[in-house]
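In: My questions are about this predicted structure, shown below with the sequence.
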Amino acid sequence: MIRRTAAAATTALIAAAAVALTSLPAPSAAPAPTRWVSQAGTYDYLLTPDYTGVLPLSEVVGRSTIGLGTFDHLDGELVLVGRTVYRVGTDGIPAPADLATTTPFFQGVAFAPQAAMRIPEGTACSAMTPIIDELAGTTDGVVAVRITGAFAELSARSVPRQEQPYPPLADVVADQTVFPLADVRATLVGFRTGNSAKGIGAPGLHLHGLTADKSAGGHILSCTTGPQARMYVQVTRGVRVHTG
């Protein structure tokens, strides 16, 4: 059942980033954690499986400027860039979303980058986690990430709307629609989730993205950077999980 309660929802605080900042040798001190991630639902909730929206987006997006997630019944990929929430359906075309729509999973943050670097040309998304960890100065907690610039290869996906009884998430992903792109400029946003927040967010690096012209996007499956791609990171205080 979809719950449409007020924004003064029960809040679970997961202090996910203000820990073990010396766990990874870094060339300089780790940035002090800033801001909380605003979240609806959890990754474990999706694995139940349950894709029913728990809160309207209007109650959880707040002041977030980057974010990701999905919609009620897993109806498309959610990408938040520059305060606008986009929905990418199986046609692969981003469109502004109705914030009255409920979400079973959303993560967003008022992005205030603390460190940045140019990513070497030819770097794959699958190789970016250690780069993020070194730039953030920690392998733990939740680190917000934005990557912008040219991509030689970018593969995105979306999944079709699901109905009850919900199939396992692995079965849903097996029916995904993939959008292969080449030589595009894009913005990728998301979170690197460490072990202390396991089950709260998707493990490892989770990215959604949009092309610069907003003609394509979705959940990022893979990428290879082109020239002048840059990465920005923000060590967060942790996660506030809002429930209905």
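Out: Yep, it's here.

In: What residues does the residue nearest to the spatial centre of the chain make contact with?
Out: Centroid-nearest residue in the chain, with Cα atoms, centre = their mean: Gly190, separated by 3.2 Å. Applying Cβ atoms under 8 Å, 6 or more residues apart in numbering, we find Gly190 in contact with 66, 68, 144-145, 205-208, 220. (Each C-beta comes from the backbone N, C-alpha and C, glycine too.)

In: From the chain's centroid, how far away is the host helix or strand of it?
Out: Assigned by DSSP states H and E, Gly190 belongs to strand 177-193. Mean C-alpha position of strand 177-193 versus that of the full chain (Cα atoms, centre = their mean, to the nearest Å) differs by 11 Å.

In: what's the following helix or strand after it?
Out: Using DSSP H and E, the helix or strand that directly follows strand 177-193 along the chain is strand 204-211.

In: residues of that next one that come out buried?
Out: For strand 204-211, the neighbour count (16 or more other Cβ atoms under 10 Å) marks 205-211 as buried.

In: what's the spacing between the closest residue to Asn195 other than its chain neighbours and Pro160?
Out: By the measure of Cβ to Cβ, 6 or more residues apart in numbering, the closest residue to Asn195 outside its immediate chain neighbours is Asp140, 6.5 Å from it. Distance from Asp140 to Pro160, counting by Cβ to Cβ, to the nearest Å: 35 Å.

In: Repeat that for Glu77.
Out: When Glu77 is compared with Pro160 (using Cβ to Cβ), they lie 11 Å apart.

In: Who has more neighbours out of the two?
Out: Glu77 (27 against 15; other Cβ atoms under 10 Å).

In: pretty sure the more buried one contacts Gly218?
Out: Yes. Contact status for Glu77 versus Gly218: in contact at 4.5 Å, counting by Cβ atoms under 8 Å.

In: Now for those two: what residues contact both?
Out: Shared contacts of Glu77 and Gly218, defined by Cβ under 8 Å, 6+ apart, comprise 88, 156-158, 208.

In: Name the nearest residue to the residue nearest to the centre of the chain, sequence neighbours excluded.
Out: Leaving aside its sequence neighbours, Gly190 sits nearest to Leu207 (Cβ to Cβ, 6+ apart; 3.8 Å).

In: Next up, the contacts around that neighbour.
Out: Counting by Cβ under 8 Å, 6+ apart, Leu207 touches 68, 125, 145, 147, 188-190, 219-220.

In: The same query, at a cut-off of 7 Å, please.
Out: Listed by Cβ atoms under 7 Å, 6 or more residues apart in numbering, the contact set of Leu207 reads 125, 188-190, 220.

In: Among these, pick out the one closest to Met231, please.
Out: Of all the contacts of Leu207, Leu188 has the smallest distance to Met231: 9.2 Å, by Cβ to Cβ.

In: Now do the closest one against Ala144, distance only.
Out: The value you get for Leu188 to Ala144, if Cβ to Cβ is used, is 12 Å.

In: send the alpha carbons of the helix ranked longest in the chain over as PDB?
Out: Longest helix in the chain by number of residues, with DSSP state H as the criterion: helix 129-136. Output in PDB follows, covering the C-alpha atoms of helix 129-136 (Å, rounded to 0.1, in the frame of the first residue of the first chain):
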ATOM      1  CA  THR A 129      36.000   3.300  -6.800                       C
ATOM      2  CA  PRO A 130      39.700   3.400  -5.600                       C
ATOM      3  CA  ILE A 131      40.000   6.800  -7.200                       C
ATOM      4  CA  ILE A 132      37.000   8.100  -5.200                       C
ATOM      5  CA  ASP A 133      38.400   6.500  -2.000                       C
ATOM      6  CA  GLU A 134      41.700   8.200  -2.400                       C
ATOM      7  CA  LEU A 135      40.200  11.600  -3.300                       C
ATOM      8  CA  ALA A 136      37.800  11.300  -0.400                       C
END
